[in-house]
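Asks: give me coordinates for this.
(one chain, ligands or ions: 1)
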Amino acid sequence: MSFEAVIGLEIHAQLLTATKIFCGCPTAFGAPPNAHACPVCVGLPGALPVLNRHAVDLAVTAAVALGCEVHERSVFARKNYFYPDLPKGYQISQYEQPLATGGGVALPARLRQDSHLRDGFGGQAGEAGYAAGKFVRLTRIHMEEDAGKSLHEGFADSDRKTYLDYNRSGVPLIEIVSEPDLRSAEEAAVFFETLRQILVWLGVNDGNMDEGSLRCDANVSVRPVGAERLGTKTEVKNVNSFRYLEKAIDYEIGRHIDVIEHGGRIVQETRLFDAAQGKTYSMRSKEEAHDYRYFPDPDLPALVVDAGRRNQIQGSLPELPDARRRRFIAEYALPEYDAALLTQARGVADYFEATARQCGNPKAASNWVMGEVLRNMKERAIDIGAVPITPGALAGLIAIVEQGTISSTVAKDVFAKMYDSGRGAADIVAADGLAQISDSSSLAPIVRRVIEAHADVIAEIRAGKDRKFQFLVGQVMKETKGKGDPKIVTDLMKAAIEIP
Ligand SMILES: [Zn+2]
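Replies: Okay, the predicted model is just below:
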């Protein structure tokens, strides 16, 4: 029997606000434990939550960008469970009346690993089990608060300790729930990558998976190919990398099939992924929604997002990555690959576009951004905003290459000097004497010297070994430290050894 996997994701994304969702505590990451916690954060009696308006704007921004229907009225509910990192005994979330429903994401072609972006996508394009262009539907987007964090220490019963840090408790989140439309681990990873790209692009989330500001739960089941009914699902919790997500889902798919083929039954449960072992293991039996005894939070009025506010947010959305990618192809005649790579991050797309407009040569701008700019960002682990060469300065470098003032080999050195010194390309070329040597009277003596020194090579060329010719040109370029104009050197060389 052959099986088909059915996968849905639940993605938790921290909203990029300065303060928490229901109090004024900072959301900044990395503070000493419990430095950012107040009576609201830990639910002391009498403390009352007040909704953060900016958090709502960011949640609505994500919802309209993802094509969801934003509901005018949504309701905060208490999700009741006991856990030490949740001292109120409930999490404020949304349940029956979420902020938004519907919408979805079309999966793009996947970029290959030669991407220079810091968080560049891995994997290979077009593998089996993943179809570019597929539309993955969203079920809903709702707002909620994050819980605190438990830190465990020690293994023996006698010295086992748990520490509680409430800095995260009350950090604003959106939970994005997909329909079970995904059919392979790779498809799930691409979906997650695409959501991350859009959320970061919108300025809704910082995309920082190491710090937990973006994380993913995967619901996985299998069924015989052709079957309608869904199999029993398991949930893999809190996966915080694309690679682990793929591995965890692949492991679960294999495990489900194995259990079923051996006559067993899948137990509905929550599991965790152990990256070192490459396996998932059982964490607890899966709760059903009714276990949480959801009810509307009496401390919070219904959230009202009227049409005016929603339309205003819709109207101020930036051009989204997919639209911008298509425009780069149409407007600047860029190859598909360039356009996809340049639109991975909004700052990079802006940088490219500013450079292209100022130098008037989009393909040259694309080559520089995809090459030296992204390479430097990756090597130095910095964002585009920290690159010291402005688009105008890069356009200046491109212009003097086009004018023939410097060769493309020298241009790379000039770029490096611009990066380190902050000086302009023309300044560096003038000060360091890097201008290309184009006048024949300076180059001719060097050509002559090279010919005299390589009589044997000349003989070989005359005997028909044409490819040796490039060697001689290379010798002249070496003598000029890369500054000789290769075209003029070639012409002089041809004339000197009398080949047509
Ligand atoms: Zn607080």
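
Asks: how about the residues of the stretch 51-200 of the chain near the ion?
Replies: Contact residues, the stretch 51-200 of the chain versus the ion (Cβ under 5 Å from the ion): none. The way it works is simple: take the backbone N, C-alpha and C, and place the C-beta from them, glycine included.

Asks: list the contacts for the residue of the stretch 51-200 of the chain at minimum distance from the ion?
Replies: Residue nearest to the ion within the stretch 51-200 of the chain: residue 170 (5.5 Å; Cβ to the ion). Counting by Cβ atoms under 8 Å, 6 or more residues apart in numbering, residue 170 makes contact with 20-23, 25, 40-41, 145-146.

Asks: can I get these in TSV including secondary structure and pLDDT?
Replies: Shown next, in TSV, are the contacts of residue 170 (DSSP: H, G, I helix; E, B strand; the rest coil; pLDDT from 0 to 100):
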residue	secondary structure	pLDDT
20	coil	98
21	coil	98
22	coil	98
23	coil	98
25	coil	98
40	coil	96
41	coil	94
145	strand	98
146	coil	97
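
Asks: show me the biggest helix of the chain in terms of residues.
Replies: In the chain, assigned by DSSP state H, the helix with the most residues is helix 242-261.

Asks: what helices or strands is that one leaning on?
Replies: Where contact means 3 or more Cβ pairs under 8 Å, 6 or more residues apart in numbering; DSSP states H and E, helix 242-261 is packed against strand 3-14, helix 185-202, strand 214-224, strand 234-239, strand 269-274, strand 279-285.

Asks: out of these, which gets nearest to residue 380?
Replies: Taking Cβ to Cβ, helix 185-202 is the member of the helices and strands packed on helix 242-261 nearest to residue 380, at 19.4 Å.

Asks: name the helices or strands packed onto that closest one?
Replies: On a contact count with 3+ Cβ pairs under 8 Å, 6+ apart, helix 185-202 meets strand 3-14, helix 53-65, strand 104-106, strand 214-224, helix 242-261, helix 321-332.

Asks: make it 6 Å
Replies: Helix 185-202 sits against strand 3-14, helix 242-261, with contacts defined as 3 or more Cβ pairs under 6 Å, 6 or more residues apart in numbering; DSSP states H and E.

Asks: any stretches of the stretch 251-400 of the chain with poor pLDDT?
Replies: 286 (pLDDT under 70).

Asks: please enumerate the strands of it.
Replies: 269-274, 279-285, 295-296, 303-304 (DSSP state E, counting those that start in this stretch).

Asks: in its sheet, what does the last one sit against?
Replies: Strand 303-304 pairs in its sheet with strand 73-74 (antiparallel), by DSSP bridges.

Asks: pLDDT below threshold where in the stretch 401-500 of the chain?
Replies: 499-500.

Asks: redo that, cut-off 80
Replies: The stretch 401-500 of the chain contains residues with pLDDT under 80 at 466, 498-500.

Asks: could I get the full set of helices for it?
Replies: Using DSSP state H, counting those that start in this stretch, the helices assigned to the stretch 401-500 of the chain run over residues 408-421, 425-431, 440-453, 455-462, 468-479, 486-496.

Asks: now those in a markdown table, with distance to the ion and mean neighbour count?
Replies: What follows is those, written out as a markdown table (distance: least, Cβ to the ion, whole Å; neighbours: other Cβ atoms under 10 Å):
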| stretch | distance to the ion | mean neighbour count |
| --- | --- | --- |
| helix 408-421 | 43 | 16 |
| helix 425-431 | 51 | 17 |
| helix 440-453 | 72 | 15 |
| helix 455-462 | 78 | 14 |
| helix 468-479 | 66 | 17 |
| helix 486-496 | 66 | 17 |
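
Asks: ok, which of those helices comes nearest residue 273?
Replies: From the helices of the stretch 401-500 of the chain, taking Cβ to Cβ, the stretch that ends up closest is helix 408-421, at 39.9 Å.

Asks: what comes into contact with that closest one?
Replies: With contact meaning Cβ atoms under 6 Å, 6 or more residues apart in numbering, helix 408-421 is reached by 372, 389, 401, 425, 428, 434, 482.

Asks: hmm, who's touching the longest helix of the chain?
Replies: 3, 5, 185, 188-189, 193, 216, 218, 220, 222, 236, 239, 266, 273, 275, 278-280.

Asks: and the contacts of residue 170, which is closest to residue 134?
Replies: Distances from residue 134 to the contacts of residue 170, taken as Cβ to Cβ, are shortest for residue 146 (30.9 Å).

Asks: run a quick neighbour tally on the closest residue to the closest one other than its chain neighbours.
Replies: Spatial nearest neighbour of residue 146, chain neighbours left out: residue 171 (4.1 Å); criterion: Cβ to Cβ, 6 or more residues apart in numbering. Around residue 171 sit 26 other residues, with neighbours defined as other Cβ atoms under 10 Å.

Asks: residues in contact with residue 171?
Replies: Neighbouring residues of residue 171 by Cβ under 6 Å, 6+ apart: 14, 20, 27, 146.

Asks: nearest spatial neighbour of the second one, skipping sequence neighbours?
Replies: Nearest residue to residue 20, sequence neighbours excluded (Cβ to Cβ, 6+ apart): residue 170, at 4.0 Å.
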